[in-house]
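K.L.:
Need a 3D model of the sequence below.
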Amino acid sequence: MTSFWSGKQIRLRGIEPDDWAAFMRFAVDEERTGDLLNPPRSAESFRIWAKEQAAAKSDGDCFGLAIEAVDTGEIVGTVGSHQADPRAGWFEYGVTIGADHRRKGYAAEAAVMLLRFMFAERRYHKCQARIFAHNEASLTLHRRLGFVEEGRLRDHVFLAGRHHDLIMMGVLADEFAQLHSMREPDGSAAGPGATTCSSGD
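P.N.:
Numbering: from 1, shown residues only. Model (predicted):
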């Protein structure tokens, strides 16, 4: 049986202490691409953070996972659920891919895997994503995944010396199911009552 967390190009796994160097590179990438600007952090701070993440207990439906390339075993990014409201049935997620590994389909595959889990196994109804308005690549990716723009927060974030709009995007479970298979890689249903649809990624 193929693992639910393994796909054609990537597998999702827990964060390990040795992943600290990759996350330090991701932080530099975010600064270079204008996604985030923070004061420089030491290598030791990343070592401590990765060690804490590796030992942390799962916080309900909020978690972070490393994205690992199947062919090389290299960590290429991270994906996770950052907020969740089980009563209302929505969660918010994010995905980051290192600059050297973009445009290879890793983000789409990781996102579909995580959303399939949250919709089919955890029974959430809606997923939300917050995207900087200037991040055209991320906006295009999420539209292809089935997300639609639900609102725009004008001048909501400040980075690189100026304010930027923040776009709120969302996708409902049934909308996702119309575009992406709700089955595990081996063809078995991801959860009781899961539906089967043609894959759109």
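K.L.:
Can you give me the buried ones in stretch 55-62?
P.N.:
For stretch 55-62, a neighbour-count test (16 or more other C-beta atoms under 10 Å) marks Asp61 as buried. C-beta coordinates here come from the backbone N, C-alpha and C atoms, glycine included.
K.L.:
what residue ranges in this structure score low on pLDDT?
P.N.:
For the chain, residues meeting the criterion pLDDT under 70 lie at 1-2, 32-37, 182-201.
K.L.:
now the strands for the chain?
P.N.:
Ranges of strands in the chain, per DSSP state E, are 10-13, 63-69, 75-85, 90-97, 126-132, 148-159, 162-172.
K.L.:
Excluding covalently adjacent residues, which one is nearest to Arg41?
P.N.:
Ala27 (6.8 Å; C-beta to C-beta, 6 or more residues apart in numbering).
K.L.:
quick one: that neighbour and Phe132, what's the gap?
P.N.:
Distance, Ala27 to Phe132, using C-beta to C-beta, to the nearest Å: 16 Å.
K.L.:
re earlier: Ala108: which of the strands of the chain is closest?
P.N.:
Ala108 lies closest to strand 90-97 among the strands of the chain, at 8.9 Å (C-beta to C-beta).
K.L.:
Can you tell me what sits against the closest one?
P.N.:
Here strand 90-97 makes contact (C-beta atoms under 8 Å, 6 or more residues apart in numbering) with 26, 30, 61-62, 67, 76-85, 106-107, 110-111, 114-115, 118, 122, 124-130, 170.
K.L.:
Ok, stretch 24-32 next?
P.N.:
So stretch 24-32 is contacted by 36-38, 41, 43, 46, 77-78, 96, 98-99 (C-beta under 8 Å, 6+ apart).
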